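Student: sequence? don't have it. structure:
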């Protein structure tokens with residue numbers, strides 16, 4: 001099975017107040033809300049660069065913390081990526097349980113699929 005199938009990913013466009021919003025739907029509302037922060041190809045490319053840098057480093061090296069404009073946060077590890085709804089809550093308690101966790105390799109594939117969806121929709125406009 002593919003990553004898209006495994007995570008029940010679907011992409012779509014919803015019109016809100018006469019403006020089109022690109023959306024992702026998956027098995028996790030946390031994953032969905034995280035991708036709402038990456039609404040263009042450039043943002044996705046930046047995220048993919050961080051993921052690739054983390055994967056290229058030894059497994060024992062430090063995880064990358066990636067904070068979004070909406071103050072959500074991802075802790076991108078060599079093998080696992082953890083997502084948190086609130087960066088301030090995480091900073092107050094770094095040992096807190098993540099809101100969602102998935103393999104970094106899977107996360108990378110989902111980011112690439114989302115980027116491709118955004119890019120294809122941009123070309124149609």
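Tutor: Everything's here; your move. Because the structure is a prediction, the values reported are computed rather than measured.
Student: Give me the three-state assignment for residue 27.
Tutor: coil (DSSP: H, G, I helix; E, B strand; the rest coil).
Student: now the closest residue to it other than its chain neighbours: how far from residue 25?
Tutor: Counting by Cβ to Cβ, 6 or more residues apart in numbering, residue 8 is the residue found nearest to residue 27 once chain neighbours are left out, at 4.8 Å. C-beta here means a position set from N, CA and C on the backbone, and glycine is covered the same way. According to Cβ to Cβ, to the nearest Å, residue 8 stands 8 Å off from residue 25.
Student: These two: which is more packed in?
Tutor: For the pair residue 8 and residue 25, the greater number of neighbours falls to residue 25 (15 against 10), based on other Cβ atoms under 10 Å.
Student: Who is that one paired with across the strands?
Tutor: residue 10 (DSSP bridges).
Student: measure stretch 61-77 end to end?
Tutor: 9 Å (Cα to Cα, to the nearest Å).
Student: Name the surrounding residues that touch that stretch.
Tutor: For stretch 61-77, contacts defined as Cβ atoms under 8 Å, 6 or more residues apart in numbering pick out 33-34, 36-38, 47, 50-51, 53-54, 78, 81-88, 90, 98, 104, 107.
Student: list the buried ones in it?
Tutor: Across stretch 61-77, burial judged by 16 or more other Cβ atoms under 10 Å covers 63, 64, 65, 66, 68, 72, 73, 74, 75, 76, 77.
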